[in-house]
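In: Here is a sequence together with a model predicted from it:
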Amino acid sequence: MTASPWPHRWPVRVYFEDTDAGAIAYHASYLRWAERGRTESLRAINLPHQVMIERHASMLVVRRIEVEYVAPARLDESLVVETALRRFGGASVELAQDIRDEAGGYKARLVVGLVCVRADGMRPVAVPEPWRAAFRAAVPG
C-alpha cells in the first residue's frame, strides 16, 4: 500500500523580500507560499498544472481565499505549507492550507476554493481525469 500524498508538505523560508520594515512577513507573502504549496502538491502526484493545460485546455484557478493570520512569521524562519483536500465537486476543489513553523505552531490557516475552467473563455468545466480520481481518493471521510 502506497502512502497518501495528502496532506502535502512544502518547506519555505522567510526571505528579506517577504518581510516588511519590521522583519515580519508581509501579509501577501502567505498567499505566495500557499500558491507554491498548491502547485507542488499537484506536482507530487504527477499531475502538474501544465499537463492539465496542454492535454485538456483547462486549469484550476482561485475563486476565493479565506486567511486567518495566527502568529507572525519572521525573517529567516523555516516554515512548512501543509495542503490538504477538504472537498471536491464536479468543477470545484476546496483545500485547507496551514502554514506552520518548525515546532508545528500555526502562522496562518487558509481555506482555498478553486474552480476548473476552460483556458479559452474561462468558463467552468468538470475537473478532468486523472485529477478527478486523485481528488476523489483524497477526500477525507
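Out: That came in fine, so what should we check first?
In: rounded to a whole number, what's the mean pLDDT of whichever strand or helix holds residue 39?
Out: In the assignment (DSSP states H and E), residue 39 maps to helix 27-44. On average, the pLDDT along helix 27-44 is 96.
In: what comes up buried for it?
Out: Neighbour-count burial for helix 27-44, counted by 16 or more other C-beta atoms under 10 Å, picks out 29, 30, 31, 33, 34, 37, 38, 40, 41, 42. Every C-beta, even on glycine, is put in place using the N, C-alpha and C of the backbone.
In: Packing partners of it?
Out: Here helix 27-44 touches strand 8-13, strand 58-69, strand 78-88, strand 92-101, strand 106-118, going by 3 or more C-beta pairs under 8 Å, 6 or more residues apart in numbering; DSSP states H and E.
In: any residues touching the very next helix or strand once past that helix, and which ones?
Out: Counting by DSSP H and E, the next helix or strand C-terminal to helix 27-44 is helix 49-56. Helix 49-56 is contacted by residues 39, 42, 58, 59, 60, 119, 128, 131 when judged by C-beta atoms under 8 Å, 6 or more residues apart in numbering.
In: now the residues you listed in JSON lines, with distance to residue 72?
Out: Listed next are these as JSON lines, based on distance: C-beta to C-beta, whole Å:
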{"residue": "39", "distance to residue 72": "25"}
{"residue": "42", "distance to residue 72": "29"}
{"residue": "58", "distance to residue 72": "37"}
{"residue": "59", "distance to residue 72": "33"}
{"residue": "60", "distance to residue 72": "30"}
{"residue": "119", "distance to residue 72": "38"}
{"residue": "128", "distance to residue 72": "40"}
{"residue": "131", "distance to residue 72": "35"}
